[in-house]
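> give me a 3D structure for the following:
(chains A, B, C and D)
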There are 2 protein chains.
Amino acid sequence: MPPLDDAPVRGHGGFGLSCVHCFVSDSAFCAGLPANDVQRLSAIVSQVQFAAHATIFEEGEQAGFLYSIAGGSVKLYKLLPDGRRQITAFLFPGEFFGLALDGGYAYTAEALTPVVLCRFPRRKLDLVLENAPRIEKRLLGLAINELAAAHEQMLLLGRKTAREKVATFLMMLSRRAERRGLPATPIALPMGRTDIADYLGLTIETVSRTLTQFKREGVIALPDAGHAELLVPQQLCCIAEGG
Amino acid sequence: MPPLDDAPVRGHGGFGLSCVHCFVSDSAFCAGLPANDVQRLSAIVSQVQFAAHATIFEEGEQAGFLYSIAGGSVKLYKLLPDGRRQITAFLFPGEFFGLALDGGYAYTAEALTPVVLCRFPRRKLDLVLENAPRIEKRLLGLAINELAAAHEQMLLLGRKTAREKVATFLMMLSRRAERRGLPATPIALPMGRTDIADYLGLTIETVSRTLTQFKREGVIALPDAGHAELLVPQQLCCIAEGG
DNA sequence: CGAATCCTTGACAAGATTCAACTCGGGTGG
DNA sequence: CCACCCGAGTTGAATCTTGTCAAGGATTCG
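I've put the predicted structure just below:
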C-alpha cells in the first residue's frame, strides 16, 4: 500500500509544523538539541504520511531514510522464510527508527495506525552530521537506548513465561504512555492480538487466554479489545518480574 | 573473582602491544580508523586481564569504561530476580562492549575464558570524541551492528524451534570464526552447555539432546564437549532457517 | 583414586500450541 | 432495515514440544 501522500512537504511547514516547534516528546530525536542543530535538521526533513497497515520500508531494502514519528504508531518486524514473524518493536510518537548500515534495513517497518513521519534523507543527514557532533552524539545515545530495550526484550523472549510476558507488555505500554504525558491507565492497544503474540513470541490464543485470566483475577479490565485498564498495576508489575 | 591484573598498563606497551599494531580484526573498534585517531585512542586505552568466570562489570553499575576484546571471549547477560538468566551475546577478539548511558550498564559482562581487554575510560573517550568525529561515527556504526544482531536474536528466541536455535547457533559460531580468519569447521565451543542454553532460551537438556540428534543425523560431529565439526554446513544452514 | 563438575540420557509433567467451534461487532447489500 | 457475512477475538479439547526430575557416564583435578 502506498503512502497517502507521495509528495511530502519539505522542511518548515510540512503539515503546518516546523521542527522548531515539533516537540512531540522529550525523548524525540530532536529534543534536547540546541536551536541551530534543530534548524539544520529542519532544513532536510520532510513529513510523510502512511495509512494503517502500509509498509514504510522492508527488511534488506537500501536504507535511504531515518524516520521519527510525529503521530501514530509503527511496528518493526522480521520474518522467517516460512512466514513466522517476530515483531521487534512497537513505536509511538517521538520515537525514531530506520538506523541502518550499508547492509540495508535490518527489519520491515509497517504503520500500525495512520502515521505522520518526519523523514530524514540519510545522505543529507550524513552531511549535516559532519558539522553537528551534538546530533551524532544524540543519535548514538538513541541507539544505545534501543540496544538496552532490545536486551530487555531478549530476556523476555528467552526466559519469561506467557503470564510474565503479557504482564510485562501491559506495564511497558502503560509506562510509555505516561512518558508521553498520557494517563498510565487505561491504555490503548492499537495493535491486534496477532501483533501482540508476534511481539511476545506466543500465539494469539495464549495472549487471549492470559488476558482473560488477568481479567478474572481482577488485575485488569478489558472494556473492549483495543483498550485495557490496569486495575492493580503494582501486582501486574510483580507478575512481570517473575513474582 | 578479581581480575588477574588490577594495575593495568597504560597506553602503548600494555602487554607489549600498541593500538597502532593491534588489529585483532577488521571489525575491531579501532580498525579502519586513520592513524591519528588510533593514536588518540592509544593515548587513553589501558589493557586489563580477567580470569575465566571473572565478572568484568555488572548490570546497573555506573558505566565507566568501554571495552574491546584483544584476546579471549566474553559473555553478556541479564538476570531475573529469581535467577533465570538470558545471555544476550557471546563476544570474541575484535568485538567491543560496554556502550551505556547514564543509566549504567544494561547487562553483566563476564569472562568466558581468560581475557585481555582494551579498556577505554568513558570520560576520556568523550573528550577524544569531541575532536574525532570519525571515531564517533565508528561507534555509531558498531552500535547499529549490535542492534541488527539483537533483532536477529529476538527472531531466534521468539520464533525458532529448539532445532533451529541450535543450528543457528552453530552456524553463527562458524561464520564468526571465519571472519576472524579461523577455519569454519571444526569450531570451538568455549562456553558450557548451560551458557548455550541460556543464550538460546532453552535448557541444557534440550541443547544436549539436540546436539546428539544432529550427531546421529550425521550433520555434525562432537570430538569432545568443547568442539563441534560441521559435517554438512549447508544442511545445518537449512535447519537454521526453518527447513 | 575419589570427588566434583559437566554432560548425556531417560521417564514423566506441564506449559504452550494446534485445531476447531463459537461469539461478537461492523460493514454490506439485498 | 435487517439478514448476512467477514474478520477478529475468545474458549475448549487434544496434542506436542520443551521443561523437570532423576540417574548414569565422562572428564578433570587435587
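
> at the geometric centre of chain A, which residue sits there?
In chain A, the centroid-proximal residue (C-alpha atoms, centre = their mean) is A:Leu91; its distance is 0.9 Å.

> pLDDT value on that residue, please?
Predicted confidence (pLDDT) for A:Leu91: 97.

> again with the one 3 residues further on
Model confidence at A:Gly94, expressed as pLDDT, equals 92.

> ok, now A:Phe169?
On the pLDDT scale, A:Phe169 gets 98.

> go ahead and confirm it touches A:Asp198.
No. The criterion here is C-beta atoms under 8 Å, and A:Phe169 misses it with A:Asp198 at 11.8 Å. Placement of C-beta: from N, CA and C, glycine included.

> can you tell me the element A:Ser68 falls in?
If you go by DSSP states H and E, A:Ser68 is part of strand A:65-71.

> pLDDT on that strand, on average?
95.

> circling back: bridging residues for the residue nearest to the centre of chain A?
A:Val74 (DSSP bridges).

> just for chain A, where's the confidence low?
For chain A, the stretches flagged by pLDDT under 70 are A:1-27.

> residue ranges of the helices in it, please?
With DSSP state H, the ranges of helices along chain A come out as A:35-44, A:122-130, A:133-159, A:162-179, A:193-200, A:204-216, A:233-240.

> looking at the ones you listed, which is nearest to B:Pro186?
helix A:133-159 (26.9 Å; C-beta to C-beta).

> what's the local residue count around A:Asp132?
Slight slip there: residue A:132 is Ala, not Asp. Neighbours of A:Ala132 under the rule other C-beta atoms under 10 Å in any protein chain shown: 19.

> wait, A:Gln62
Residues lying near A:Gln62 (other C-beta under 10 Å) number 11.

> any idea how far it lies from A:Tyr105?
Distance, A:Gln62 to A:Tyr105, by C-beta to C-beta, to the nearest Å: 8 Å.

> kindly report the same for A:Leu211.
Remark: distance between A:Leu211 and A:Tyr105 (C-beta to C-beta) = 32 Å.

> mind giving me the domain ranges of chain A?
Annotated domains of chain A cover A:9-146, A:160-240 [automatic domain parsing].

> would JSON lines of the ones you listed with distance to B:Gly83 be doable?
Converted to JSON lines, those look like this (distance: least, C-beta to C-beta, whole Å):
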{"stretch": "domain A:9-146", "distance to B:Gly83": "26"}
{"stretch": "domain A:160-240", "distance to B:Gly83": "13"}
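
> among those, which comes closest to B:Phe96?
The nearest among the domains of chain A, by C-beta to C-beta, is domain A:9-146 at 12.8 Å.

> is that closest one anywhere near DNA strand C?
No. Using C-beta under 7 Å from any atom of the strand, domain A:9-146 never reaches DNA strand C; the gap is at least 8.7 Å.

> can you give the distance of that domain from its chain's centre?
10 Å (C-alpha atoms, centre = their mean, to the nearest Å).

> so, in contact with DNA strand D or not, that domain?
No. Shown here: domain A:9-146 not in contact with DNA strand D (C-beta under 7 Å from any atom of the strand), separated by at least 9.0 Å.
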